[in-house]
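J.: got a predicted structure here, sequence first:
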Amino acid sequence: MKGRLRVRFLDTRPLRSSRSFRDLWIGTSISQLGSQIANVAVLAQVWDLTGSPVGTGAIGLATGLPIVLFGLLGGTLADTVDRRAVVRATTAGQLLAAAGLCAQALADNRNVLLLLALVAMGTSCSALGAPARRTFPVRLLPGDQVAAGLALTNVSFQAAMLAGPAMAGLIIARWDFPAAYATQAVAMAVSMLAVIRLPAMRPEGADVAGARRRPERGGWRIVLRRPTLRGSLATDLCATLLAMPVALFPLVNEIRFEGDPQTLGLFLSAVAVGGITAGLLSGTVTRWRRAGLVQLSAAVVWGLALACFGLAGPLWPALLCLAVAGAADTVSVVTRSALVQLETPDAYRGRVSSVEHVIGVAGPELGNFRGGLLASATSAPFALVFGGLSAALAIAAVAATNGPLRAYRTPSASAKPTAPEVTDAAAASGQAAC
């Protein structure tokens, strides 16, 4: 029946239609798994060294600040040189950082600052390359398959989040921290091989001289003048900066579940279970053209689910809340990523992608730091409930004041995935900020 909601499973057309995208997806999937294993190792090692939520929150600071500092520069690089070359070089830097983490663990390092410095080094390289990497799907796929390609990438990320913590627990228990960091190094090497196979990707129609004279301004100018982009990124910032829960997991685990390391892994896996479930059913979401409304709704659900996690006492209700949050996050990320790439001209995609990367990655890390500080001053449940409700209210304010985002529709299969010119008139619509 026309207009009837049809549930569709994961859309795998991008893997069949583009060998280059398939290579990229495989390499990215493996590197994400290695990164998740290393992330758990860093979280556990910092907790061992400090035993403080401020310490685990500092991981967010060590990753968030480099993203802010180097993310915008990465956008400029992506709009002035071959994007494949940028990703090659920065992946090599991440490989070196992973090797450094392995070396400090082998040396039985007890200095948390050294550990955080190596984390910051790897994050800096990732931030430089992320804007270029984010432009790959829209260059490798037809316009009507971009959202599906991003959904596939998100599913592999959620699968890594599901398998990574469990694998990290086994690896750390059997071989300790050096083996976990060595696994990340091997994964980054595989990712580099996948990138080498990609075609060269210089920006299309780029004003190279202009990009060098005004490095980051072009990306911010488009974001601030287009209400759809502005509202979409503001929604993500509200959700992550105000409600990110990961830094609070060790403390919640300590006060409610006697610090059982298996429970800590379950927290991370529950988020991934929700995310991968939503990803496997993402064929439904990626065919919806009301991307703005979908993102806003999913972001509100994210905040409310995390507030409920803060109130949940028994383990299974807590895990259910985290699974709902993970599913909402997947829907929000996929729709936001497609909207941003489709609304931005290719000559500006690197710089706009750098803005998206700063907000999408630095937001969660700084949100973790905020959550750790608030929990140390109050309690973990209060920090979770207050953060989740604050995020939901802020997102509702964005929805109420940004009509173009609520009404936004992605292009049809026959439409060319480029955005209209950016003009001063686009700045007329108001926008709530977090």
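T.: Sure thing, it's come through.

J.: quick one: the helices in the stretch 151-300 of the chain?
T.: Remark: helices of the stretch 151-300 of the chain, listed N- to C-terminal, are 177-196, 208-213, 217-225, 227-243, 249-257, 261-280, 282-286, 291-311; assignment by DSSP state H, counting those that start in this stretch.

J.: of these, which approaches R349 most closely?
T.: Closest approach to R349 among those (Cβ to Cβ): helix 217-225, 9.0 Å. In short, each C-beta sits where N, CA and C put it, glycine included.

J.: for the closest one, give the mean pLDDT please.
T.: Helix 217-225 carries an average pLDDT of 75.

J.: neighbouring contacts of the helix or strand containing V138?
T.: V138 is located in helix 136-140, with elements delineated by DSSP states H and E. Applying Cβ atoms under 8 Å, 6 or more residues apart in numbering, the contact partners of helix 136-140 are 14, 18, 20-21, 24, 83, 146, 149-150, 153, 198, 201, 341-342, 346, 349, 417.

J.: next one: that helix to chain centre, how far?
T.: Between the mean C-alpha location of helix 136-140 and the chain-wide mean there is a distance of 18 Å, by Cα atoms, centre = their mean, to the nearest Å.

J.: now the phi/psi pair for A312, please.
T.: A312 has phi and psi values of phi -70, psi 130 when expressed as degrees, to the nearest 10.

J.: ok so, going back, give the buried subset of the contacts of helix 136-140 as a ChimeraX selection command.
T.: Here is the ChimeraX selection string for the buried members of those, based on 16 or more other Cβ atoms under 10 Å:
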select :14,18,20,21,24,83,146,149,150,153,198,201,341,342,346,349,417
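
J.: tell me, how many residues neighbour V358?
T.: When counting by other Cβ atoms under 10 Å, one arrives at 26 neighbours for V358.

J.: do I have it right that it meets L69?
T.: No - between V358 and L69 there is no contact, the gap being 9.3 Å when judged by Cβ atoms under 8 Å.

J.: list residues touching both of these two?
T.: Among the neighbours of V358, those also in contact with L69 (Cβ under 8 Å, 6+ apart) are A127.

J.: avg pLDDT for the helix holding V138?
T.: 89.

J.: name the helix or strand of this protein that has the lowest mean pLDDT.
T.: Taking mean pLDDT, DSSP states H and E as the measure, the helix or strand of the chain with the lowest value is helix 208-213, at a mean of 45.

J.: quick one: the strands in this protein?
T.: Along the chain, no segments are classed as strands by DSSP state E.

J.: W220: what's it in contact with?
T.: Neighbour list for W220: R351, V355 [criterion: Cβ under 8 Å, 6+ apart].

J.: do you know how far it is from A362?
T.: Using Cβ to Cβ, to the nearest Å, one obtains 15 Å as the distance from W220 to A362.

J.: residue contacts, the residue lying closest to L233 once chain neighbours are set aside?
T.: Of all residues beyond its chain neighbours, the one nearest L233 is I359 (5.0 Å), with distances taken as Cβ to Cβ, 6 or more residues apart in numbering. Remark: with contacts taken as Cβ under 8 Å, 6+ apart, I359 is in contact with L233, D236, L237, T240.

J.: A147 versus I359, what's the distance?
T.: Distance, I359 to A147, by Cβ to Cβ: 19 Å.

J.: please apply the same query to A185.
T.: Taken as Cβ to Cβ, the spacing of A185 relative to A147 amounts to 33 Å.

J.: ok, the two, which is more surrounded?
T.: A147 (29 against 19).

J.: surely that one meets A338?
T.: Yes - contact status for A147 versus A338: in contact at 3.9 Å, counting by Cβ under 8 Å.

J.: for the record, mean pLDDT for stretch 298-315?
T.: For stretch 298-315, mean pLDDT is 94.

J.: show me the contacts for the closest residue to A392 other than its chain neighbours.
T.: With Cβ to Cβ, 6+ apart as the criterion, A392 has its nearest non-adjacent residue at 3.6 Å, and that residue is G303. Residues in contact with G303 (Cβ under 8 Å, 6+ apart) are A239, L242, A243, G387, G388, L389, S390, A391, A392, I395.

J.: who's in contact with the closest residue to the fifth one other than its chain neighbours?
T.: In space, not counting the residues next to it along the chain, G388 is nearest to A307; the distance is 3.0 Å by Cβ to Cβ, 6+ apart. Neighbour list for A307: A243, L384, V385, G387, G388, L389, A392 [criterion: Cβ under 8 Å, 6+ apart].

J.: show me which of the residues you listed is closest to V333.
T.: The shortest distance between V333 and any of the contacts of A307, using Cβ to Cβ, involves A243 and amounts to 14.4 Å.

J.: run a quick neighbour tally on that closest one.
T.: Tallying neighbours of A243 according to other Cβ under 10 Å, which is how burial is gauged here, yields 33.

J.: distance of the nearest residue to it once chain neighbours are set aside relative to E365?
T.: In space, not counting the residues next to it along the chain, A243 is nearest to A391; the distance is 3.9 Å by Cβ to Cβ, 6+ apart. Relative to E365, A391 is positioned 16 Å away (criterion: Cβ to Cβ).

J.: and what of M188?
T.: 20 Å.

J.: and P245, by the same measure?
T.: 13 Å.

J.: cool, V54 as well?
T.: When distance is defined by Cβ to Cβ, V54 is 15 Å away from E365.

J.: who has more neighbours, those two?
T.: Comparing V54 with E365 by other Cβ under 10 Å, the one with more neighbours is E365, at 26 against 15.

J.: quick check: the more buried one touching I67?
T.: Yes - contact criterion Cβ under 8 Å: E365 and I67 qualify, at 6.8 Å.

J.: low-confidence ranges in the protein?
T.: Applying pLDDT under 70 to the chain picks out residues 1-8, 205-219, 261, 284-287, 411-434.

J.: mind saving the C-alpha coords of stretch 224-233 as CSV?
T.: Provided in CSV are the C-alpha atoms of stretch 224-233 (Å, rounded to 0.1, in the frame of the first residue of the first chain):
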residue,chain,number,x,y,z
LEU,A,224,27.0,29.3,9.6
ARG,A,225,25.1,30.6,6.6
ARG,A,226,23.1,27.4,5.8
PRO,A,227,20.5,26.7,8.4
THR,A,228,20.4,23.0,7.6
LEU,A,229,24.1,22.5,8.2
ARG,A,230,24.1,24.8,11.2
GLY,A,231,21.2,23.0,12.8
SER,A,232,22.4,19.5,12.1
LEU,A,233,25.8,20.2,13.7
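
J.: and that stretch, what's buried?
T.: Residues of stretch 224-233 classed as buried by neighbour count (16+ other Cβ under 10 Å): L224, R225, R226, P227, T228, L229, R230, G231, S232, L233.

J.: how far does it sit from its chain's centre?
T.: With Cα atoms, centre = their mean, you get 18 Å for stretch 224-233.
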